[in-house]
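Engineer: Sharing a sequence plus its predicted fold:
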Amino acid sequence: MKSTRTITVILFLLASFELAGTCYSQEIPEEARKHYVRGQTAIEMIESEVDYADVVLEFETAIQLAPAWADPHYDLGMFQDKIGKYDDAISHLKKYLELAPQAPNASQVQSQIYKIEFKKEKTSDKQMMIDLIVNGKKSVIGSFRGGMCYPADFYLKADEIFVDINCASSAQSYGQTVPVMFDGTTLSFTYYNYVCPTATALDMWPCEERIEMVGTVTSKNPLRFDMKQKVTLTKTEDSGNNYEGVWEFTK
């Protein structure tokens with residue numbers, strides 16, 4: 001079943017390809033045309049990221065068979081942009097303009113290159129920050145909720161950030177690993193804290209707390225977050241214990 005993101009990529013690219021089809025006319029080897037059409041068809045048939053390689057292979061084969069043909073570079077460049085391969089996207093779109101400088105959509109393609117360059121810069125900034133979050137040293141300024149559990153080590157798994165929640169020996173069963181959301185501007189995650197002295201007390205008192213952490217980037221060098229911590233008793237859903245502070249990550 002196609003994901004929403006996959007469907008969006010397909011629809012955008014099919015609309016874009018209509019522009020390329022009117023851009024450049026020349027004698028093209030039939031074998032190159034075949035692989036070009038196969039590349040477009042491969043996009044229509046995408047079910048998951050595993051299928052991306054088929055698209056790239058078909059367009060690259062068309063390019064090898066017809067090096068002076070601009071259209072495959074356009075289609076492949078637009079595809080690479082949509083899947084986040086910004087360097088490849090820029091390279092192919094620039095090649096398209098080199099081969100078809102008078103193309104009716106030349107101005108649009110140049111604008112697209114500018115957009116991709118900006119996305120590449122922002123992605124590089126985000127990746128640098130992720131590297132510091134995962135591999136850097138964290139310093140904490142301010143007062144946060146005490147208790148048995150606390151966020152410890154951040155790490156990457158399949159390009160997603162997670163944080164281990166360590167707990168004191170009397171509450172080790174509360175140890176958790178939770179996903180971390182980070183869009184380059186805001187970092188957030190939720191974990192559970194245990195504030196009773198013994199495991200048996202959980203049945204007698206509202207001991208479990210839900211801790212929501214939200215941080216906003218205020219500096220990139222050093223990487224600094226203004227952190228807000230919201231504490232809610234899970235048994236009663238009572239909240240109001242909120243804390244603020246700063247997290248700083250350095251190499």
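Structural biologist: Arrived safely.
Engineer: which strands and helices sit next to the one helix or strand residue 43 maps to?
Structural biologist: If you go by DSSP states H and E, residue 43 is part of helix 30-44. With contacts defined as 3 or more Cβ pairs under 8 Å, 6 or more residues apart in numbering; DSSP states H and E, helix 30-44 has these neighbours: helix 4-20, helix 52-65, helix 71-82. All C-beta atoms are positioned from the backbone trio N, CA, C, and that covers glycine.
Engineer: Does residue 213 touch residue 229 like I think?
Structural biologist: Yes: applying Cβ atoms under 8 Å, one finds residue 213 in contact with residue 229, separated by 5.6 Å.
Engineer: Go through the helix holding residue 43 and flag the buried ones.
Structural biologist: For helix 30-44, burial by neighbour count (16 or more other Cβ atoms under 10 Å) applies to 32-33, 35-36, 38-40, 42-43.
Engineer: What's the local residue count around residue 167?
Structural biologist: Counted by other Cβ atoms under 10 Å, the residues lying close to residue 167 total 20.
Engineer: Who is it paired with across the strands?
Structural biologist: Beta-bridge partners for residue 167, by DSSP bridges, are residue 149.
Engineer: check contacts around it.
Structural biologist: Neighbouring residues of residue 167 by Cβ atoms under 8 Å, 6 or more residues apart in numbering: 148-150, 173-175, 194.
Engineer: Counting neighbours, which of those residues end up buried?
Structural biologist: The neighbour-count test (16+ other Cβ under 10 Å) marks 148-150, 174, 194 as buried among the contacts of residue 167.
Engineer: Could you export those as CSV, including pLDDT?
Structural biologist: CSV is the format used below for these (pLDDT from 0 to 100):
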residue, pLDDT
148, 76
149, 83
150, 87
174, 72
194, 77
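Engineer: Secondary structure element holding residue 232?
Structural biologist: Per DSSP H and E: strand 223-233 holds residue 232.
Engineer: by contact count, what packs against that strand?
Structural biologist: Using 3+ Cβ pairs under 8 Å, 6+ apart as the contact test, the elements touching strand 223-233 are helix 106-135, strand 208-220, strand 239-250.
Engineer: change it to 10 Å
Structural biologist: Using 3 or more Cβ pairs under 10 Å, 6 or more residues apart in numbering; DSSP states H and E, the elements in contact with strand 223-233 are helix 106-135, strand 137-142, strand 186-194, strand 208-220, strand 239-250.
Engineer: Compare these and give me the one nearest residue 56.
Structural biologist: Residue 56 lies closest to helix 106-135 among those, at 16.7 Å (Cβ to Cβ).
Engineer: Show me which positions of that closest one end up buried.
Structural biologist: Quick answer for helix 106-135 (16+ other Cβ under 10 Å): 109, 112-113, 116, 120, 129-130, 132-134.
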